[in-house]
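S.K.: Here is a sequence together with a model predicted from it:
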Amino acid sequence: MTNKLYDTSLSLLTDLYQVTMAYGYWKSKTAEKEAVFNLYFRKNPFGGGFTIACGLANVIGYINNFGISKKDLRYLRTLTGHDDAPMFEEEFMDYLANLKLTCSIDAIPEGTVVFPNEPLVRVRGPILQCQLLETPLLNLINFESLIATKAARLRLVAEKDSLLEFGLRRAQGFDGGMTASRAAYIGGCDATSNVLAGKLYDIPVRGTHAHSWVMSFDTEQQAFDTYAEMMPNNVTLLVDTYDTLQGVRHAIETGKKLVARGHKLSGIRLDSGDLAYLSIEARKLLDEAGFQDTSIVASNDLDETIINSLKQQGAKIDIWGVGTKLVTAFDQPALGGVYKLAAFRNEVSDRWDYKMKLSEQAIKISTPGIQQVRRYLDDRGFLADMIFDSETNELDQPTTGKGTVMIDPMDFTKRRRFNAGQPYENLLVPIFQNGKQVYVLPDIHSVRDRVQTQLASLHPGVKRFVNPHIYPVGLEKHLHELKTNLILALRGESA
Ligand SMILES: Nc1ncnc2c1ncn2[C@@H]1O[C@H](COP(=O)(O)OP(=O)(O)OP(=O)(O)O)[C@@H](O)[C@H]1O
Ligand SMILES: O=P(O)(O)OC[C@H]1O[C@H](OP(=O)(O)OP(=O)(O)O)[C@H](O)[C@@H]1O
Ligand SMILES: O=C(O)c1cccnc1
């Protein structure tokens, strides 16, 4: 999908250090060694209790279109070191020219509610290839998951009201605007003002008109009447160019003419001032004039906090237009997703060497393993998520009757036991096997529906905005032990 926007190879859309490391792996003859990387984030955005996974469709498009072109190689040949000699030797250029991705990728489907430390994407394959994918995967998953989460929060406060995404003009460049429109729709918006997103992603498009339309006429009444004459089946009038309540009266006059012609006044839009007061007054004027079905749209730097407040003030707003603060994720402009090496094939023993990064900060210590996430549930919803290593235990085998113990990674004394019969779902599903796509992408509308069914299975406390309840995510006992032993070994202590 991202590829649809650009008439160029995106294979160099990575950090230089990925290419220099790739060169290093190739030159030291370790390029083909099998590795496993996990992509995960450490903290839910916006101080919230959940995140919506998004961006996988673009990852799939990126990988399917991967291929280093002649023009890419021509550019790489121009790169030099401090001695002005070429950075990469010609034989490496030949290697890159013939490089085909053969990785196996498992991921959590878009629209799933996810939590810190869970692998959203797991990449397994030749280390050189895994490495080249790090930056584009993070770029795609971090941003779209952030925006889908923002939209999901807006949807929670907007409840059954319509939610329109108006952000393109304030977005971070063309691609930021496009991916934001897609993720905002998935997260819960009903439509976008972004016409290209409508065309490419099959998102409904909606809109009203700008102040410039009104300003281009001698009077507001003329502006409204002309707009209604031209498009009688789609009339939502922006009433705040001069005096908002006077604007509503003008819109009502236009509405009467529309009704006389067998049409209706779909809506009015408020874009400034006290939106609670003005919407209540506008509603009264519209109702008194018989326009009970005319919707009130509001915009102007809205976000979930303001919408919540406006609702509590009794604002009579039916449709919320949200731009800047949605598509720029204004209060937290990045999700800090990371991509960490978690296992490396030992060529002598042909077994996995488990890998992890240490840190003084516990939150930054990575977890080793070929990770899978098991979500335990009951008829009321999700209970807890357990991360386990899918290769070193029998959890993936048919239930053995033993049950499982999950350990809180921040406090090993906190444990939960799940009986063997406890229903669960494994969240990561195969996306690519040896470079071949095996996953059938759901359409964007079912991904959007998935977000809502997922949120419905989440305890209300986890969805609370202020000090949300922390959803339990833990490590399966064997993985916890493996991690503990590895930390001790790396610190030079024995278990
Ligand atoms: N009743 C309300 N309660 C809480 N926030 C509100 C209310 N009405 C409007 N807002 C929000 O307050 C913020 C600032 O509104 P302000 O009145 O300064 O904007 P404005 O009327 O558009 O000003 P300007 O005319 O300078 O553009 C906006 O984010 C707007 O959505
Ligand atoms: O406030 P946001 O959440 O970012 O929503 C988008 C904003 O973009 C438009 O304003 P702008 O002043 O750009 O143009 P206009 O003349 O159409 O109001 C619109 O009126 C909204 O206020
Ligand atoms: O259609 C609208 O009302 C609209 C579109 C983009 C930005 N603000 C408003």
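M.R.: Everything's here; your move. Ligands and ions are numbered 1, 2, ... in the order given.

S.K.: Would you enumerate the residues in contact with the residue of the stretch 101-250 of the chain found nearest ligand 1?
M.R.: Residue nearest to ligand 1 within the stretch 101-250 of the chain (C-beta to the nearest ligand atom): residue 240, separated by 8.2 Å. In short, each C-beta sits where N, CA and C put it, glycine included. Residue 240 sits next to 211, 247, 269-273, 278 when contact means C-beta atoms under 8 Å, 6 or more residues apart in numbering.

S.K.: which residue ranges form the helices in the stretch 201-350 of the chain?
M.R.: All helices of the stretch 201-350 of the chain, identified by DSSP state H, counting those that start in this stretch, fall at 211-215, 220-230, 244-260, 275-288, 304-312, 324-327.

S.K.: counting contacts, what elements does the first one pack onto?
M.R.: Under the contact criterion of 3 or more C-beta pairs under 8 Å, 6 or more residues apart in numbering; DSSP states H and E, the helices and strands touching helix 211-215 comprise helix 220-230, strand 236-238.

S.K.: mind running it again at 6 Å?
M.R.: Helices and strands touching helix 211-215, by 3 or more C-beta pairs under 6 Å, 6 or more residues apart in numbering; DSSP states H and E, are helix 220-230.

S.K.: how much does the helix it packs on deviate in direction from helix 244-260?
M.R.: Counting by axes from the mean of the first three to the mean of the last three C-alpha atoms, to 10 degrees, helix 220-230 lies at 30 degrees to helix 244-260.

S.K.: got the contact list for helix 220-230?
M.R.: Outside helix 220-230, the residues within contact range by C-beta atoms under 6 Å, 6 or more residues apart in numbering are 213-214, 217, 235, 237, 250-251, 254, 258.

S.K.: ok, of those, which come out buried?
M.R.: Listed as buried from the contacts of helix 220-230 are 213-214, 235, 237, 250-251, 254, 258; burial here means 16 or more other C-beta atoms under 10 Å.

S.K.: can you list these in TSV and add pLDDT and distance to residue 364?
M.R.: Output for the buried ones among the contacts of helix 220-230, formatted as TSV (pLDDT from 0 to 100; distance: C-beta to C-beta, whole Å):
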residue	pLDDT	distance to residue 364
213	98	52
214	98	54
235	98	55
237	98	53
250	98	59
251	98	56
254	98	60
258	98	61
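
S.K.: Residue of this structure closest to ligand 3, please.
M.R.: residue 207 (2.9 Å).

S.K.: Distance-wise, check residue 122 relative to residue 133.
M.R.: 11 Å (C-beta to C-beta, to the nearest Å).

S.K.: typo on my end, residue 68
M.R.: Applying C-beta to C-beta, the value for residue 68 to residue 133 is 13 Å.

S.K.: neighbour count winner among those two?
M.R.: Between residue 68 and residue 133, counted using other C-beta atoms under 10 Å, residue 133 has the larger neighbour count: 24 against 20.

S.K.: residue contacts, the more buried one?
M.R.: residue 123.
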